[in-house]
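1. Just the structure for this:
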Amino acid sequence: MESLSQKFSQRSDIIGRLYRRAVKIKLYFKYPDSFVRDIKMLLRKPGARRLGISYHPPNFIYCSGIHKESIIVDVGCGFEADFSRHMIEKFGVTAYGIDPTEKHRQPLRQLQSSSGGKFIYLQNAVSSKSGELLFYEIANRESGSLLAEHVNFMQDETISYMVKSITLKEIPDKIDHVQIDLIKLDIEGAEYDLFSHIKNEDLAAYKQIYIEFHHNSIKDKSIADTRRIVTSLCTLGFKSFTLDDINYLFYRE
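-> Residues are numbered from 1 along each chain as shown. Model (predicted):
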């Protein structure tokens, strides 16, 4: 027979699940775009599995073929570098975290020191131009941007300072690797300029490119601008896949 404590635990689990579902439904009413996004992901995940594409929350997708000798580049890694951490823990890769944000410098240096050489931190921006660029850091949010048009800048206190930027073509030389198995780009809207005039030779080193697009966050950008970049990269020999029309994986067959 079940003990009283077991029954209480089961009842608590049921109440907890019901509560979480109620919270989620409430959020769907408040943010209907989240409901649409979750439905898209639910419908597209079987297709991802058939293609050998893995999903890791909150939004990371990547193809099979990653292993302990793989080199990945995590651009806009944030202070937690959660994508780099996941790939290091799961596959044993070497990850290069690139992030210009001044407030992220100390935690990323600490991660580098404690990673046993698996995480290497570079305090740079990535853009279509190399050299000094003005960067905007938002006081109460993790992500900053090279773009003053980011919607968050209209809502929160912002500081700006100059950062050193490198291009996609320069990254392999910067990290001294001819081939990069996967590059993740979360650069808060700068992706539109970065890929506006991209050339095949700029991407020659990359097997997979993961991009989080920000057409919902940048003034004068729409999903049509995102789709133009998707089409452009596909003409350069990449296949594309997305679960939610925001986070795209580009990969070579």
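2. Tell me the predicted confidence for the spatially most central residue of the chain.
-> The residue lying closest to the centre of the chain (C-alpha atoms, centre = their mean) is D186, at 4.5 Å. We have a pLDDT of 96 for D186.
3. For it, give its distance to K199.
-> 22 Å (C-beta to C-beta, to the nearest Å). C-betas here are computed from N, CA, C, even on glycine.
4. F35 too?
-> 39 Å.
5. For the two, indicate the residue with more neighbours.
-> Each of F35 and K199 has its neighbours counted (other C-beta atoms under 10 Å); F35 has more, 14 against 10.
6. how far is stretch 54-67 from where the chain is centred?
-> Averaging C-alpha positions (C-alpha atoms, centre = their mean, to the nearest Å) puts stretch 54-67 11 Å from its chain's average.
7. Give me the buried positions along that stretch.
-> Within stretch 54-67, the residues that qualify as buried are Y55, N59, F60, I61, Y62, C63, I66, counting by 16 or more other C-beta atoms under 10 Å.
8. can you redo these as TSV with pLDDT and secondary structure?
-> Converted to TSV, the buried residues of stretch 54-67 look like this (pLDDT from 0 to 100; DSSP: H, G, I helix; E, B strand; the rest coil):
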residue	pLDDT	secondary structure
Y55	94	strand
N59	90	coil
F60	94	strand
I61	96	strand
Y62	97	strand
C63	96	strand
I66	96	coil
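9. and the residues you listed, which two are the farthest apart?
-> The two members of these with the most space between them (C-beta to C-beta) are N59 and I66, at 17.2 Å.
10. R141 versus H86, what's the distance?
-> For H86, the distance to R141 - C-beta to C-beta - is 22 Å.
11. thinking again about what came up before, show me what contacts the residue lying closest to the residue nearest to the centre of the chain once chain neighbours are set aside?
-> Distances taken as C-beta to C-beta, 6 or more residues apart in numbering place G76 nearest to D186, at 3.8 Å, with adjacent residues excluded. When contacts are counted by C-beta atoms under 8 Å, 6 or more residues apart in numbering, G76 touches I98, D99, V126, S143, K184, L185, D186, I187, E188.
12. and the second one, how many neighbours?
-> If I follow you right, that is D99. D99: 27 neighbours (other C-beta under 10 Å).
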